[in-house]
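could you work out the structure for the sequence below:
(chains A, B, C and D)
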Number of protein chains: 4
Amino acid sequence: MNSIRVTVWNEFRHEKENETVKAIYPDGIHAAIAGFLGEQAFQVRTATLDEPEHGLSEAVLAETDVLIWWGHRAHGEVQDEIVGRVQERVLAGMGLVVLHSGHHSKIFRRLMGTSCSLRWREADERERIWLVNPAHPIAAGLPPYFEIPQAEMYGEHFDIPAPDELVFVSWFQGGEVFRSGCCFQRGHGKIFYFRPGHETYPIFYQAEVQQVIGNGVRWAAPTAGPAFAYGGGRAINMKEPLEPLG
Amino acid sequence: MNSIRVTVWNEFRHEKENETVKAIYPDGIHAAIAGFLGEQAFQVRTATLDEPEHGLSEAVLAETDVLIWWGHRAHGEVQDEIVGRVQERVLAGMGLVVLHSGHHSKIFRRLMGTSCSLRWREADERERIWLVNPAHPIAAGLPPYFEIPQAEMYGEHFDIPAPDELVFVSWFQGGEVFRSGCCFQRGHGKIFYFRPGHETYPIFYQAEVQQVIGNGVRWAAPTAGPAFAYGGGRAINMKEPLEPLG
Amino acid sequence: MNSIRVTVWNEFRHEKENETVKAIYPDGIHAAIAGFLGEQAFQVRTATLDEPEHGLSEAVLAETDVLIWWGHRAHGEVQDEIVGRVQERVLAGMGLVVLHSGHHSKIFRRLMGTSCSLRWREADERERIWLVNPAHPIAAGLPPYFEIPQAEMYGEHFDIPAPDELVFVSWFQGGEVFRSGCCFQRGHGKIFYFRPGHETYPIFYQAEVQQVIGNGVRWAAPTAGPAFAYGGGRAINMKEPLEPLG
Amino acid sequence: MNSIRVTVWNEFRHEKENETVKAIYPDGIHAAIAGFLGEQAFQVRTATLDEPEHGLSEAVLAETDVLIWWGHRAHGEVQDEIVGRVQERVLAGMGLVVLHSGHHSKIFRRLMGTSCSLRWREADERERIWLVNPAHPIAAGLPPYFEIPQAEMYGEHFDIPAPDELVFVSWFQGGEVFRSGCCFQRGHGKIFYFRPGHETYPIFYQAEVQQVIGNGVRWAAPTAGPAFAYGGGRAINMKEPLEPLG
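Down below sits the predicted model:
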């Protein structure tokens, strides 16, 4: 077992209410993701919207190196206080992997500062994901491109800040393109947005998708530099100059 | 007169309550900035915290191409609703120039997603601002470096996202460095953060500083591309594919 | 007439030897480009491979604000000395717009430091160019996307350094994507790579393409900051410290 | 022993001809660097200018994961053919760590495309290196800043492309600043430039410097993505479209 502690967060509503989704992810999307990450030897736990504090207590976050986020129709139900708590942890160094419809989650929009909106279509179309940076750590173990046989389309313009690193660009059968794998850093925290993952398709069972998410977790794990200096947002008064003045 | 419409926003508290500041900026920092921008032929108006809606009504923002922001001790008094309104306008294309202690303003932190915190010291020390991108439009008319004779120190680590473009880096007499001129884009809006400008020094009367702020306004002015597509944050459903499926 | 002086460089071989190309560009691709740029009020001249010094004498380059480059099958015939001369001018601030197969030109590869290679196919397929940064100056006057009815395909991975700014991404009918509009800065010079423009299609007569190239020229034109300090590559010895030592 | 194979290249001239340098690095700078990297459990070999093929045969490069480069007064003696060979290996994925005066080496200038020139001064002054990205892997194990007691000054403007990631910024006693730790990617190869290391100071014996160089090697080591596709610079003809045309 490696030392990276992952918490997989899922809204967990579709799987309880929609038969199609339930058939694909009977224990929830979080369980499917936790399953394959466990096989990749991460230390994995899960958390869902309807648990107390959405399963994201201070204690849970303190023991989380990388948080994975899947949400869709209930973004508005996530409490602002918990969003603030997650943001503070990301700034202090916790990694964050945001999947698919998580682009519109409160936490992702708050960390990006933009609408994170996009064009979309549900039409069972083919997606082909191209590596535009094949030497990035998140591309490890992948071929030059891979396909999602049936996908919901997400198209540009994707209203995000220019990513610090762009890893994937998607081609869609219906005529659109999309920046599908985007790396950001906010404070000490690394953030990876990965596009695929619609709840009505078995995308999280696909080998390449599992590889990417595992790579993303490894990439987003905290580094061993100096601790984040600005807990609570406070500035630091350096009263004594390091060099003589005057 | 050129066609760029600028609104200079100022907290306008120090100038009313502190004799030192009042002596330097008797009509307020906003008046000083509006003065030199007017001489650079921009169309300038001002707005301050204690006006209704902080002077930033929907109508005023709709007629603003670039907003300049100076605040310090009353960031907390800016209403969240107005901050949201300004953010929406920035995403739709309005430029934003954030000065000095505005790094901790609600609007800048919201657009950055980070604490925007830093190290600081008040010790009347010398600052030397180096151009690390002398070909950037914001460097127009400047020498390879210029000095602020007496400045408040701001030092790294500055907790911002990696700037899209880094224009200036400051040297401080007391031993620190700082990324002093930083360009960002959020939505369709261009954002320029410029470090100098402490209220107890006559920095906004200095020629190089006036040149930089004018350059920043020109750089941040809206461009003539397609309109921002996601007003209110809504995604766009592209029901009809552009290419035949199946 | 505006003040930007443009030199359009063309290899000018296909147009003399291939009837299809000759029919589309009877006076050469350079003449077509110079034509529409002249209508956009730039000051335009042309230069071609078979002129003395390839038409790029020191005098011509000294009077050029932005150089446009189109080459394809004779990259190897461009003299290294002239390539070095162009590179030196770019570092000193001249803009460079590289079109289509110019990706493999000596000057582009020398400024990028990479192979600038890619995947390609000639199959008369449709290209749809999406704006991934609709607020960039190069997107002025464009819709959210536009199409090239028949194009040669260029596909990822495109072996370039990560662009400083990514403006366009192309979708191709045959299944690939490509970073089609890429901005770089080298020294004081701004460089814009734009993908479309194959010699067997009338692409340079298309309105959107003409708009993009004009925008690219405006964006790449030199700025008014301090002069490039390192002519001939020489470092500068600052013998006297700016601050007292010891 | 970890699996990263490092080759430390040194010009190795100063150490043979200058008594001051010889006293500090009696076996050459390469031996000092190889020594501490060996203690960090890398597999290390060395190579120097006066060996056949400068010690950089095809075989040696094929067995090198990361190449470290130190040169100063004999950059011009490095054969262009060997520079081309190293460049090709970097594009194919070999990491490159360029130290101090290596900024003017042929290989660094060729990979950057710029003059890589700068301001400089030899005056035994103090340098303070600030972490502007404390969460970067290259910052692991470091404090918020560290000092070099006596250093040659390098000052801005440093004529490099905007780094993909900026890790360190230096403060100099004499009044300058410098981007001291810069990350780039070219092809599949990761490149780290690190400023300190003048031959007349015992800088490579300093713990923080050794930590940074070890971190740089780990960061620059090749990743496990798809192989570089463009050996020799050749493009790939994708004759068969991935999707049906027409």
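
so where's chain A shaky on pLDDT?
The model of chain A has pLDDT under 70 over residues A:1-2.

tilt between the longest strand belonging to chain A and strand C:119-131?
Longest strand of chain A, by residue count under DSSP state E: strand A:119-131. Relative orientation of strand A:119-131 versus strand C:119-131 (axes from the mean of the first three to the mean of the last three CA atoms, to 10 degrees): 150 degrees.

elements contacting the next helix or strand after strand A:119-131?
Counting by DSSP states H and E, the next helix or strand C-terminal to strand A:119-131 is strand A:145-155. Packed against strand A:145-155 by the contact rule (3 or more CB pairs under 8 Å, 6 or more residues apart in numbering or on different chains; DSSP states H and E) you find strand A:119-131, strand A:165-172, strand A:177-186. In this view, the C-beta of every residue, glycine as well, is placed from N, C-alpha and C.

given strand A:145-155, what are its sheet partners and their directions?
Strand A:145-155 has the following sheet partners, assigned by DSSP bridges: strand A:119-131 (antiparallel).

list the buried residues for the strand it pairs with?
In terms of neighbour count (16 or more other CB atoms under 10 Å in any protein chain shown), strand A:119-131 has its buried residues at A:119-121, A:123, A:125-131.

burial measure for the residue found closest to A:G181 once you drop the neighbours it is linked to in the chain, as a count.
For A:G181, ignoring the flanking residues on the chain, the nearest one in space by CB to CB, 6 or more residues apart in numbering or on different chains is A:F168 at 3.2 Å. A:F168 has 27 neighbouring residues, counting by other CB atoms under 10 Å in any protein chain shown.

try the one 3 residues further on
Per other CB under 10 Å, the neighbour tally for A:W171 reads 29.

quickly list what it is bridged to.
Note on A:W171: beta-bridge partners by DSSP bridges are A:R128, A:V177.

my guess is it contacts C:Q173. True?
No: in this structure, A:W171 is not within contact of C:Q173 by CB atoms under 8 Å, at 10.1 Å.

tell me which residues touch A:A220, please.
Applying CB atoms under 8 Å, 6 or more residues apart in numbering or on different chains to A:A220 gives the contacts A:66, A:95-97, A:189-192.

what does A:Q173 give?
By CB under 8 Å, 6+ apart, the contact list for A:Q173 reads A:125-127, B:241, B:243, B:245, D:243.

pull the CA atoms of stretch A:98-117 into CSV?
In CSV, the C-alpha atoms belonging to stretch A:98-117 read as follows (Å, rounded to 0.1, in the frame of the first residue of the first chain):
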residue,chain,number,x,y,z
VAL,A,98,-12.7,17.1,-10.0
LEU,A,99,-14.6,14.8,-12.3
HIS,A,100,-17.0,15.5,-15.2
SER,A,101,-20.1,17.5,-14.0
GLY,A,102,-18.1,18.6,-10.9
HIS,A,103,-17.0,21.5,-13.2
HIS,A,104,-20.1,23.3,-11.8
SER,A,105,-19.5,22.4,-8.2
LYS,A,106,-19.2,25.2,-5.7
ILE,A,107,-15.7,24.2,-4.7
PHE,A,108,-14.4,24.1,-8.3
ARG,A,109,-16.0,27.5,-9.1
ARG,A,110,-14.7,29.0,-5.9
LEU,A,111,-11.1,27.9,-6.6
MET,A,112,-11.3,29.0,-10.3
GLY,A,113,-13.1,32.3,-9.8
THR,A,114,-15.0,31.8,-13.1
SER,A,115,-18.4,30.4,-14.1
CYS,A,116,-16.7,27.1,-15.2
SER,A,117,-19.6,26.8,-17.7
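
quick check, distance from that stretch to the centre of its chain.
Centre-to-centre, stretch A:98-117 and its host chain are 9 Å apart (CA atoms, centre = their mean, to the nearest Å).

buried residues in it?
Buried residues in stretch A:98-117, counting neighbours by 16+ other CB under 10 Å, are found at A:98-117.

how about it and chain C, any contact?
No: Stretch A:98-117 is not in contact with chain C by CB under 8 Å from any CB of the partner chain; minimum separation 11.6 Å.

excluding covalently adjacent residues, which one is nearest to A:G95?
Nearest non-adjacent residue to A:G95 (CB to CB, 6+ apart): A:A220, at 2.7 Å.

roughly how far apart are that neighbour and chain D?
To chain D, A:A220 is 11 Å away according to CB to the nearest CB, to the nearest Å.

before we move on, what about A:I24?
Computed as CB to the nearest CB, the A:I24 to chain D distance reads 26 Å.

cool, and A:P143?
Distance, A:P143 to chain D, using CB to the nearest CB: 6 Å.

and the closest residue to that residue other than its chain neighbours, how many residues sit next to it?
With sequence-adjacent residues excluded and distances taken as CB to CB, 6+ apart, A:P143 is closest to D:P226, at 5.8 Å. Close neighbours of D:P226, defined as other CB under 10 Å, add up to 17.

which SSE is immediately downstream of the longest helix along chain A?
Longest helix in chain A, counting residues (DSSP state H): helix A:207-220. The element immediately downstream of helix A:207-220 (helix or strand, assigned by DSSP H and E) is strand A:236-237.

who does that next one touch, helix- and strand-wise?
strand B:119-131.

okay, the angle between the strand it packs on and strand B:165-172?
120 degrees.

which stretch among the helices and strands packed on strand A:145-155 comes nearest B:Q87?
strand A:177-186 (16.6 Å; CB to CB).

orientation of the next helix or strand after the closest one relative to strand A:177-186 in degrees?
Using DSSP H and E, the next helix or strand after strand A:177-186 towards the C-terminus is strand A:189-194. On the basis of the same axes, to 10 degrees, strand A:189-194 is oriented at 170 degrees to strand A:177-186.

listing partners with orientation, what would you give for strand A:189-194?
According to DSSP bridges, strand A:189-194 has these partners: strand A:95-99 (parallel), strand A:177-186 (antiparallel).
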